[in-house]
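J.: Only the shape, not the letters, is given here:
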């Protein structure tokens with residue numbers, strides 16, 4: 001049996017884009033929490049220069065399915081012009 005996978009994703013909004021980034025994440029959260037295998041998917045820190053999303057998934061396979069799914073694709077499109085840098089993501093199943 002596989003272990004749950006924890007993920008931390010850090011979003012860095014461009015100056016003045018915090019509220020648009022947070023809104024896009026809030027919309028995605030409503031969709032993602034309904035996905036199979038999602039145990040936790042929530043914003044745990046929100047500041048003007050950084051938004052941290054904490055996730056937990058039942059398995060690596062279900063997380064990988066989520067990452068290829070429509071909610072992530074839609075979120076990527078929504079955020080494409082709003083972030084100062086690519087999303088920084090750390091997964092517990094890939095930690096060194």
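T.: Nice, thanks for sending it over. Not measured: the values here are computed from a predicted model. Residues are numbered from 1 along each chain as shown.

J.: thinking residue 20 is in contact with residue 80, fair?
T.: No - under the criterion of CB atoms under 8 Å, residue 20 is not in contact with residue 80, lying 11.7 Å apart. To be clear about C-beta, it is placed using only N, CA and C from the backbone, and glycine gets the same treatment.

J.: quick one, which of these two is more surrounded?
T.: Between residue 20 and residue 80, residue 20 has the larger neighbour count (other CB atoms under 10 Å), namely 15 against 8.

J.: contacting residues for the more buried one?
T.: 13, 82 (CB atoms under 8 Å, 6 or more residues apart in numbering).

J.: Am I right that it is in a helix?
T.: Yes - per DSSP: H, G, I helix; E, B strand; the rest coil, residue 20 lies within a helix segment.

J.: how about the nearest residue to residue 90 once chain neighbours are set aside, what does it touch?
T.: In space, residue 90 comes closest to residue 8 once its chain neighbours are excluded; the distance is 4.9 Å by CB to CB, 6 or more residues apart in numbering. If a contact means CB under 8 Å, 6+ apart, then residue 8 has 52-55, 89-90 as its contacts.

J.: Give the ChimeraX command for selecting the buried subset of these.
T.: Typed into ChimeraX, the line below selects the buried ones among these, using 16 or more other CB atoms under 10 Å:
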select :53,55
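
J.: JSON lines for the contacts of residue 8, including secondary structure and distance to residue 44?
T.: Output for these, formatted as JSON lines (DSSP: H, G, I helix; E, B strand; the rest coil; distance: CB to CB, whole Å):
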{"residue": "52", "secondary structure": "strand", "distance to residue 44": "5"}
{"residue": "53", "secondary structure": "strand", "distance to residue 44": "7"}
{"residue": "54", "secondary structure": "strand", "distance to residue 44": "4"}
{"residue": "55", "secondary structure": "strand", "distance to residue 44": "10"}
{"residue": "89", "secondary structure": "strand", "distance to residue 44": "14"}
{"residue": "90", "secondary structure": "strand", "distance to residue 44": "13"}
